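A.B. asks: Okay, sequence plus prediction incoming.
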Amino acid sequence: MPRSRFVEVEERLDAFGAGVKSLTPCEVADAAEALATLEPDAVAVSLAFSYLDPVHEEMIEQAFNARLAEVPVVQL
C-alpha cells in the first residue's frame, strides 16, 4: 500500500495500554474526511497496542462507517 493512501491520527497508547496521547472526536472526524477524499474500496484500522484497549480503534471504525457507509471497514 503506498504511503499516500494512509490516513494517520496522533493517538498513542503505550505497551501497557495506557494513554500517551488522547484521541479527540475532531481528529477522528478530520481523519474520516481525509479518508473520504481518497475514495477507498476498503479500509483497515490499525492502532498500536489497541488489543490492550480497543476503545479508540472502535471510535475510528464507527466514524469511518458513518462517513463511508458503502465502504467495508475492519480492525486489524
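C.D. replies: Thanks, I have the structure now.
A.B. asks: tell me the contacts of E57?
C.D. replies: E57 makes contact with 45-47, 50, 75 under the criterion CB atoms under 8 Å, 6 or more residues apart in numbering. Just so you know, the C-beta spots here come from the backbone N, C-alpha and C atoms, and that holds for glycine as well.
A.B. asks: ok, the residue nearest the centre of the chain - contacts?
C.D. replies: Taking CA atoms, centre = their mean, the centroid of the chain lies closest to I60, which sits 4.3 Å from it. Contacts for I60 were tallied using CB under 8 Å, 6+ apart; they are 9, 23, 28, 31, 45, 47.
A.B. asks: for S22, same thing?
C.D. replies: Contacts here follow CB under 8 Å, 6+ apart; on that basis S22 touches E11.
A.B. asks: can you pull the pLDDT of it?
C.D. replies: On pLDDT, S22 comes in at 90.
A.B. asks: Ok, M1 next?
C.D. replies: 87.
A.B. asks: CA atoms of stretch 8-26 as PDB?
C.D. replies: Provided in PDB are the C-alpha atoms of stretch 8-26 (Å, rounded to 0.1, in the frame of the first residue of the first chain):
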ATOM      1  CA  GLU A   8      -3.000   8.800  10.400                       C
ATOM      2  CA  VAL A   9      -4.200  10.000  13.800                       C
ATOM      3  CA  GLU A  10      -2.000  11.300  16.700                       C
ATOM      4  CA  GLU A  11      -3.500   8.900  19.300                       C
ATOM      5  CA  ARG A  12      -0.900   6.800  21.100                       C
ATOM      6  CA  LEU A  13      -1.100   4.000  23.700                       C
ATOM      7  CA  ASP A  14       2.000   2.700  25.400                       C
ATOM      8  CA  ALA A  15       2.900  -1.000  25.600                       C
ATOM      9  CA  PHE A  16       0.700  -1.400  28.700                       C
ATOM     10  CA  GLY A  17      -2.400   0.100  27.100                       C
ATOM     11  CA  ALA A  18      -2.100   3.500  29.000                       C
ATOM     12  CA  GLY A  19      -2.900   6.600  27.000                       C
ATOM     13  CA  VAL A  20       0.100   8.600  25.900                       C
ATOM     14  CA  LYS A  21      -1.800  11.000  23.600                       C
ATOM     15  CA  SER A  22      -5.600  11.100  23.600                       C
ATOM     16  CA  LEU A  23      -7.800  10.800  20.500                       C
ATOM     17  CA  THR A  24     -10.300  13.600  20.000                       C
ATOM     18  CA  PRO A  25     -13.600  13.500  18.200                       C
ATOM     19  CA  CYS A  26     -12.400  16.300  16.000                       C
END
